[in-house]
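Student: Please work out how this folds:
(2 chains)
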Amino acid sequence: MTATESRPQTRAAAPAAPPPRQPRVISFSHRLSRWDLKVSPYLYISPFFIMFAIVGLFPIAYTAVISFMDWDLVRNSGEFVGFDQYVWILTQPHFWTALRNTFSIFVLSSVPQLLLAIFIASVLDRNIRAKTFWRMSVLVPYVVAPVAVGLIFNAMFADKSGLINSWLQLIGISAIPWHVEPFWSHVAIATMVNYRWVGYNTLILLAAMQAVNRDFYEAATVDGAGPIRQFFSITMPSLKPTLIFVIITSTIGGLQIFDEPRVFDQFGRGGSAQQWLTITLYLYDIGWGQWNFGRAAAMAWILFIIILGIGLLNLLLTRTLVRDEGLRSELSKREQKRAARATKKTVKESQR
Amino acid sequence: MSIGTPTPLAVVEEGIPNAAQRRRGAKTIRIRGSRPGFWVYGTLGAVFLSAVFPLYWSFVIGSGDATTLRGAFPWVPLGNFIENATAVLNNPAVNFWPALWNSIYSSFLIAAAVVVTSTLAGWAFAKLRFLGGPALLVFVVATMAVPQQLGVVPLYILFSDLGWTGQIGAIIIPALTSAFGVFWMTQYLRQAVPDELIEAARVDGASMIRTFWTVGVTAARPAAAMLFLFTFVGSWNNFFWPFIVLDRQNPTLPVALSLLQSNYFVDYSVVLAGVVLATVPLLLLFIFAGKQLVSGIMAGAVKG
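Tutor: Numbers count the residues shown, from 1 in each chain, chains lettered A, B, ... in the order given. The predicted model follows:
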């Protein structure tokens, strides 16, 4: 690194000396170099874009086409049916159950996950010993496969004397039917999601917290603000861009949930009465259980539209709810402007 | 006090912090309360325990027999782990060894390919000016919001036309590129390589590819290592697409794991022994590269 960094200073001075002139003879190597300059960027991005077009963009567009078709698996082609597949899905009671379950699991996982992550990050942000050890320890669950997490927690949440129920009974709470009641199954699945992702989000938020200028806290202390006031007036506003990032990514991931509910029992169909059937589980069942690709494609598009909608909604909500970094005054923008105008007026009048 | 005099410790602590203290955050001590006490370490200890306990628990249950799950939790490992693990390894429905090998080489190939394509494209987006570049980058980043489910139906049709369903190639090919990878490398190279360095190389007569190789690849190495790690972990743990497209005879580890409990009667000590077996390789990777994973997440967050 040091060797390369010292170079530009010595080189930068050299070409400044001769005045720029038009080269009279354009040599072959010069032409080659100009061609190189023009074409190379496209060459560098081409491996990515060629693959991306084949396995990324083409399938997305083709999913839209298939979703308007009644796909025949034997002939491997489809018949155009318009919006029939979308109508079919939207009239299925299972779809609405799956939608409710997905939202319920998503809310039960993302909200506690974020609160926990902010809390743990602010603890890690303290001046603690063995920083690396603690940071690594929160990340351990991240490397465990979601399927493995699902299998572990499925056994822990077993209805008849699983570990969680036996602990609950120890403290005098009767056993909870984790695999029967929709709400409790959602809690159990959300716990798996939280287990795997809290540490990851903690580290992202911790990085943002460490980027906050420590002088702000110093000034706040001098002004007499306590730790809680400092957290809400300095830390939270500074976290806003990172919070938006974390919320958007967990929305995209959370609404696609498949692995954990799939292994929550041995049949993988979302429970005997669809207690924990999610949208992606349902998509899998339509596509590779009932072998109806047209409907599965329509389902995929509906899922995408839901994700887009919720993502945008979250973006707007976070923007309004978390105070802006620049806005530290008690007054709103309009009030600030009014105050400024009033001051201007008095200044003018006093000058007269 | 003259310069040579050793300063008494008490004076340093109450006065202006010296350089070493400043680096360790002496300011934070003074401003944000004293050295963290019991409750901070208590909280961290609880977090640590809740992260590690489920893994330990699955090992203990995996070392018991079919009745262990029903009884009281024994807390210490029992003697049956080897037996249960052998049951998993020899279970013809699970195909553990092919699954392990499939997971290793597919994750390795995918991570290597993602690093190569992302470094090339990231270098072009970060440091080269070309028509349509910024717009294409925005487009790539926007596709990160597209769920995986949106592509699976046509991909399945495509691979079944090619006769590749059940082949491990069907999970490698779609994963060879990553929009996230391109974004990651672009962000990193943009701030890691000063433009003057490239100009200097050009003035010296280096071709574009030579500049990329000597300046770009050298600078990209740390970010490329991170990207490799994250892609490796991600593709190792991926379940949805492999579950759809792979045969039961030729699975990856997560698919094989899900097959462990697909019967009406499930012996959870065998299932959890399988979970432990499948988790150990990545835990080993974590022991070696956990520090890099941590700093990778934290670095990505600051820039993103």
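
Student: only C-alpha atoms for contact and neighbour calcs from this point on.
Tutor: Will do.

Student: Tell me where the model's unsure across chain B.
Tutor: Scanning chain B with the threshold set as pLDDT under 70 gives B:1-35, B:264, B:300-304.

Student: Tell me the spacing between residue A:189 and residue A:140.
Tutor: Counting by CA to CA, to the nearest Å, the gap between residue A:189 and residue A:140 amounts to 19 Å.

Student: Between those two, which is the more surrounded one?
Tutor: Neighbour totals were compared for residue A:189 and residue A:140, and residue A:189 leads with 28 against 22 (other CA atoms under 10 Å in any protein chain shown).

Student: was I right about that one contacting residue A:105?
Tutor: Yes - between residue A:189 and residue A:105 there is a contact at 7.0 Å, judged by CA atoms under 8 Å.

Student: all strands of the stretch 1-150 of chain A, in order?
Tutor: For the stretch 1-150 of chain A, the strands identified by DSSP state E, counting those that start in this stretch occupy A:69-72, A:77-80, in order along the chain.

Student: mean confidence score for the last one?
Tutor: Model confidence over strand A:77-80, given as mean pLDDT, is 86.

Student: quick one, what contacts whatever residue of the stretch 51-200 of chain B ends up closest to chain A?
Tutor: Distances from the stretch 51-200 of chain B to chain A, computed as CA to the nearest CA, single out residue B:121 as the nearest residue at 4.2 Å. For residue B:121, the set of contacting residues under the criterion of CA atoms under 8 Å, 6 or more residues apart in numbering or on different chains consists of A:44-46, A:48, B:182, B:186.

Student: Which parts of the helix or strand hosting residue B:197 count as buried, going by neighbours?
Tutor: With secondary structure defined by DSSP states H and E, residue B:197 is part of helix B:195-203. Along helix B:195-203, the positions that meet the burial threshold by neighbour count (16 or more other CA atoms under 10 Å in any protein chain shown) are B:197-202.

Student: got the CA positions of stretch A:290-302 in PDB?
Tutor: Extracted in PDB, the C-alpha atoms of stretch A:290-302 (Å, rounded to 0.1, in the frame of the first residue of the first chain):
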ATOM      1  CA  GLN A 290     -50.000 -28.800  -7.300                       C
ATOM      2  CA  TRP A 291     -47.600 -28.200 -10.300                       C
ATOM      3  CA  ASN A 292     -49.400 -25.100 -11.500                       C
ATOM      4  CA  PHE A 293     -46.800 -22.800 -12.800                       C
ATOM      5  CA  GLY A 294     -49.100 -20.100 -14.100                       C
ATOM      6  CA  ARG A 295     -50.600 -19.600 -10.600                       C
ATOM      7  CA  ALA A 296     -47.200 -19.800  -8.900                       C
ATOM      8  CA  ALA A 297     -45.900 -17.100 -11.200                       C
ATOM      9  CA  ALA A 298     -48.900 -14.900 -10.400                       C
ATOM     10  CA  MET A 299     -48.300 -15.500  -6.700                       C
ATOM     11  CA  ALA A 300     -44.700 -14.400  -7.100                       C
ATOM     12  CA  TRP A 301     -45.700 -11.200  -8.700                       C
ATOM     13  CA  ILE A 302     -48.300 -10.500  -6.000                       C
END
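
Student: Pull the contacting residues for residue B:190.
Tutor: The contact partners of residue B:190, taken as CA under 8 Å, 6+ apart, are B:126-127.

Student: Against residue B:134, how distant is residue B:193?
Tutor: Computed as CA to CA, the residue B:193 to residue B:134 distance reads 18 Å.

Student: Give me the more crowded residue out of those two.
Tutor: When neighbours are counted by other CA under 10 Å, residue B:193 comes out ahead of the other of residue B:193 and residue B:134, with 19 against 13.

Student: so is the residue nearest to that one when sequence neighbours are not counted in a helix, a strand, or just coil?
Tutor: Nearest residue to residue B:193 in three dimensions, chain neighbours excluded: residue B:219, at 6.8 Å (CA to CA, 6 or more residues apart in numbering or on different chains). Following DSSP: H, G, I helix; E, B strand; the rest coil, we place residue B:219 in the helix state.

Student: who touches residue B:219 in this structure?
Tutor: Taking CA under 8 Å, 6+ apart, we find residue B:219 in contact with B:189, B:192-193.

Student: ok, it to residue A:248 distance?
Tutor: When distances are taken as CA to CA, residue B:219 and residue A:248 turn out to be 30 Å apart.

Student: same question, residue B:293
Tutor: 21 Å.

Student: How about residue A:344?
Tutor: 43 Å.

Student: cool, and residue A:62?
Tutor: Distance from residue A:62 to residue A:248, counting by CA to CA: 26 Å.

Student: more neighbours, these two?
Tutor: With other CA under 10 Å as the criterion, residue A:62 and residue A:248 differ in neighbour count, and residue A:248 comes out ahead with 22 against 16.

Student: Could you report the pLDDT at that one?
Tutor: pLDDT, the model's per-residue confidence, is 87 for residue A:248.

Student: So it versus residue B:181, what's the distance?
Tutor: Using CA to CA, residue A:248 is found at 18 Å from residue B:181.

Student: residue ranges with poor pLDDT in chain A?
Tutor: For chain A, the stretches flagged by pLDDT under 70 are A:1-27, A:323-333, A:352.

Student: Give the buried residues for the helix or strand where residue A:300 lies.
Tutor: Under DSSP H and E, the secondary-structure element containing residue A:300 is helix A:293-321. Using 16+ other CA under 10 Å as the burial criterion, the residues of helix A:293-321 that qualify are A:293-304, A:307-308, A:310-311, A:314-315, A:318.

Student: Ok, stretch A:48-61 next?
Tutor: A:48-49, A:51-52, A:55-57, A:59-60.

Student: of these, closest to residue A:93?
Tutor: When the buried residues of stretch A:48-61 are ranked by distance to residue A:93 (CA to CA), residue A:60 comes first, at 26.6 Å.

Student: Tell me which residues touch that closest one, please.
Tutor: Applying CA under 8 Å, 6+ apart to residue A:60 gives the contacts B:150-151, B:154.

Student: Contact residues of the stretch 151-300 of chain A facing chain B?
Tutor: Contact residues of the stretch 151-300 of chain A with respect to chain B, defined by CA under 8 Å from any CA of the partner chain, are listed as A:151-153, A:155, A:160-163, A:166, A:195, A:200, A:203-208, A:211, A:214, A:217-218, A:221, A:227, A:242, A:245, A:252, A:256, A:258-259, A:263, A:266-267, A:280, A:287-288, A:293, A:296-297, A:300.
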